[in-house]
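Colleague: Just to be clear, the model below is a prediction. Sequence and coordinates:
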Amino acid sequence: MAERKSPDNAAQPVNPSKYVLVVGNDASHLVYTALLLQKLSYHICAAGTAEEALEMTGAILPTLIITDLKLSGMSAPQMIQVLRQKPRTASIPVIIKLEQVTPQIEAKCREAGALACIRKPVQPEELYRVVQSAIEPTPREHIRIQTRLSVVLNNVPLDYASGECATMLSSRGMFIQTQKTFPVKTKCPVQIMLDNKLIAAMAKVVYSYKAGEGPLGVPGLGLYFADISKDDEDRLQQYINDEVTKGIIPGQA
């Protein structure tokens with residue numbers, strides 16, 4: 001599921017220490033992008049101008065800068081030039097948001113020093129992928145969210161009341177908190193209910209933790225959806241996007 005073709009290790013906690021600076025003079029899109037990043041577990045700070053953003057980098061060094069192309073005063077390419085002139089900020093990756101992404105405009109942005117371009121208003125999955133690719137050592141392609149969902153594993157309903165349930169979910173895999181264990185590479189059917197719709201897949205165990213093991217110390221199984229219908233994958237994706245964007249609307253502050 002990840003760009004490096006590793007399976008989705010949904011049990012690993014998202015690292016919230018990454019600091020992303022969002023720059024833009026369009027308040028509505030600035031707020032929308034910032035809130036999406038917060039939902040994706042990144043620390044964020046916002047600046048309305050390039051000058052303000054540069055001043056902020058003097059206080060706290062961001063892991064990543066996401067900026068509009070057109071800014072009042074100094075433009076995004078000019079801001080990148082200033083960043084590259086200072087050893088402390090020279091290596092900060094910059095992603096530029098564009099109203100329209102064309103090969104010509106993207107080439108000019110990259111020539112100016114941008115790492116990548118993204119269309120605005122940004123879409124959760126695209127934003128997630130480009131940020132992951134920019135700053136994460138093992139980038140992922142698909143958003144994962146914390147959740148609590150009843151699960152039928154290997155045709156046996158898990159005991160939700162005792163805490164056995166899916167606690168992390170992506171469109172390509174999930175982590176199930178459970179005392180039951182299966183050997184790695186075991187394939188087993190799995191079913192979950194989303195918005196009164198049954199989602200079924202043939203899953204492969206990619207890791208199995210006993211209590212006290214793994215990054216969270218909880219017992220459970222990491223599953224990769226080895227075989228899932230396109231319709232069910234789309235339903236999963238829509239559910240995740242709805243959860244991430246709940247309460248925030250593009251273009252409205």
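Modeller: Right, received. Where do you want to start? Numbers count the residues shown, from 1 in each chain.
Colleague: Can you show me the helices along this structure?
Modeller: Taking DSSP state H to define them, one finds helices in the chain at 27-39, 50-57, 76-85, 103-111, 124-135, 230-245.
Colleague: Could you tell me the angle between the second one and helix 76-85?
Modeller: I take that to be helix 50-57. Computed with axes from the mean of the first three to the mean of the last three C-alpha atoms, to 10 degrees, the direction of helix 50-57 lies at 30 degrees from that of helix 76-85.
Colleague: And helix 50-57, what does it pack against?
Modeller: Other elements packing on helix 50-57 under the criterion 3 or more C-beta pairs under 8 Å, 6 or more residues apart in numbering; DSSP states H and E are strand 19-23, strand 43-47, strand 64-68, helix 76-85. Glycine gets a C-beta too; all of them are placed from N, C-alpha and C.
Colleague: Pass me the low-pLDDT residue ranges in the stretch 151-253 of the chain, would you?
Modeller: Applying pLDDT under 70 to the stretch 151-253 of the chain flags residues 250-253.
Colleague: Tell me where it has strands.
Modeller: 151-153, 156-157, 165-170, 173-177, 187-194, 197-209, 220-228 (DSSP state E, counting those that start in this stretch).
Colleague: So which of the ones you listed is nearest residue 44?
Modeller: Distance to residue 44, taken as C-beta to C-beta, is lowest for strand 165-170 among the strands of the stretch 151-253 of the chain, at 21.9 Å.
Colleague: Redo the helices of the chain as JSON lines? Include distance to residue 196 and mean neighbour count.
Modeller: Shown next, in JSON lines, are these (distance: least, C-beta to C-beta, whole Å; neighbours: other C-beta atoms under 10 Å):
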{"stretch": "helix 27-39", "distance to residue 196": "24", "mean neighbour count": "19"}
{"stretch": "helix 50-57", "distance to residue 196": "45", "mean neighbour count": "18"}
{"stretch": "helix 76-85", "distance to residue 196": "45", "mean neighbour count": "18"}
{"stretch": "helix 103-111", "distance to residue 196": "42", "mean neighbour count": "13"}
{"stretch": "helix 124-135", "distance to residue 196": "23", "mean neighbour count": "19"}
{"stretch": "helix 230-245", "distance to residue 196": "11", "mean neighbour count": "16"}
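Colleague: Need those in TSV (columns: distance to residue 185).
Modeller: TSV is the format used below for those (distance: least, C-beta to C-beta, whole Å):
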stretch	distance to residue 185
helix 27-39	33
helix 50-57	46
helix 76-85	46
helix 103-111	41
helix 124-135	26
helix 230-245	22
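Colleague: nearest to residue 155, of those?
Modeller: helix 230-245 (17.3 Å).
Colleague: Give me the angle between the closest one and strand 187-194.
Modeller: Using the same axes, to 10 degrees, the inter-axis angle of helix 230-245 relative to strand 187-194 is 50 degrees.
Colleague: related to what we said a few turns ago, the helices of the chain: which one's closest to residue 194?
Modeller: Comparing the helices of the chain under C-beta to C-beta, the one sitting nearest is helix 230-245, at 5.0 Å.
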